[in-house]
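[1] Any chance you can model this:
(one chain, ligands or ions: 1)
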Amino acid sequence: MGLSQLLGQDAARRQLSGILTSGRLAPSYLFYGPEGVGQEEYAVAFAKAIFCPRVDGDFCDACYVCRRIDHRTFPDVIWVELRDDKNKGKANVIEADQVREELVERAGVSPMQAERKLFIVHPAEAMSLSAANCLLKVLEEPPSFSHLLLVCGNVNRLLPTLYSRCQRIRFVPVPTPLIEQSLLDAGTEPETARLAAEISAGRPGIARRLAERNLLEEALSLLREVYKAATGDAAAALGISTAMGKDRNDALDGLALLRTLLFLALRAAETGQPPAGSLSKGIATVAKTAGAARLTAALTASLAAEEALRGYSNVTLSLDTVVGELVGASTQHAAS
Ligand SMILES: [Zn+2]
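    Numbers count the residues shown, from 1 in each chain. Predicted coordinates for the structure are as follows:
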């Protein structure tokens, strides 16, 4: 195991290998790209490669240190992440207090087991303005043994001064066939692997998460709700939003599934050819019922809903728009 075993990202891997073999770490790094394309996995791998005592410039993934980094119990790798409160649920902002407590106050304290310390802020774009300003102060005078890694899924939401201060490593979407093959290698059933890879839009983490679920069944039941909406049944809105789940990740997965089904239906409506496999009949029916115009509008609305949720906004409103487009509300409106 090592960096070469990770999926895709050849350019980023080459850059990281260069940094790791030189042995000279910059004070701060920014791993950025579309959310979920691999920057999190690479952040863990980078941490292991810095601290693994067995391999120079890479990691073994088997030793005590590598395993403790996996379990988030290695004391010199400190994660600053969205807090998960039992009562309040998961926070969607990293506030200044948290950055002060978990990072600023600890950055000057000597490492416990290694010669350096690595602070990983994830997702860095979730930092409030004052949290980001707190972090900037550390970046201005970094203690020599402390290093910072910002993991970012939306660089447009990051304070420009943070962006410019870090050494940047860019991550790009992973090609769908590569993701599909990795799922097949892991033993996923072929039709699920193909659908999960397609839905993931270049994000291997999402594909893996989806492949563990009963994806085809979920797709079929969501297709039924989409069909209901397309026949003008407004109650389908509830079914569709239930399918999105409560947690942000569930909602993102659900929206990605919805977007893919709408896309497949649109393609079927335009070419008259639904995809092969167990979804074929459902997609053909939706394509025929909704028609290309309404599917295009619903697809556009679902992309906007995904964008809204990635920006940590409330998704319910945007979902209503998706269903509205399927029902044909705006087309009816325009016709009247
Ligand atoms: Zn190791």
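
[2] switch to C-alpha atoms for all contacts and neighbour counts from now on
    OK.

[3] Give me the contacts around stretch 156-171.
    Among residues not part of stretch 156-171, those counted as contacts by Cα atoms under 8 Å, 6 or more residues apart in numbering are 9, 12, 15, 26-34, 37-39, 124-125, 129, 132, 136, 139, 155.

[4] What is the burial count for the closest residue to Ser130 other than its chain neighbours?
    Nearest-residue entry for Ser130: Ala96, 5.5 Å, with adjacent residues in sequence omitted and distances by Cα to Cα, 6 or more residues apart in numbering. Burial measure for Ala96: 19 neighbouring residues, criterion other Cα atoms under 10 Å.

[5] before we move on, which element is the residue in the stretch 151-300 of the chain that the ion sits nearest to in?
    Taking Cα to the ion, the ion has its nearest neighbour within the stretch 151-300 of the chain at Val151, 22.0 Å off. When secondary structure is defined using DSSP states H and E, the element that contains Val151 is strand 146-152.

[6] If you count neighbours, what's buried in whichever helix or strand comes after that strand?
    Secondary structure here is assigned by DSSP H and E; on that basis, the next helix or strand after strand 146-152 toward the C-terminus is helix 160-165. Burial within helix 160-165, assessed by neighbour count using 16 or more other Cα atoms under 10 Å, is assigned to Leu162, Tyr163.

[7] Convert the C-alpha atoms of helix 160-165 to CSV, please.
    What follows is helix 160-165 as a C-alpha-only set of coordinates in CSV (Å, rounded to 0.1, in the frame of the first residue of the first chain):
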residue,chain,number,x,y,z
PRO,A,160,-8.5,34.5,-0.9
THR,A,161,-5.7,35.3,1.4
LEU,A,162,-5.8,31.7,2.8
TYR,A,163,-5.7,30.4,-0.8
SER,A,164,-2.7,32.4,-1.7
ARG,A,165,-0.7,31.6,1.4
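
[8] right, and the helix or strand after that helix?
    strand 167-170.

[9] continuing past that next one, what's the next helix or strand?
    The C-terminal neighbour of strand 167-170 among helices and strands, as given by DSSP H and E, is helix 176-185.

[10] By neighbour count, which bits of the next helix or strand after that following helix are buried? Give me those.
    Under the assignment DSSP H and E, the closest C-terminal helix or strand after helix 176-185 is helix 190-200. Residues Glu191, Thr192, Ala193, Arg194, Leu195, Ala196, Ala197, Glu198, Ile199, Ser200 are the ones in helix 190-200 that count as buried (16+ other Cα under 10 Å).
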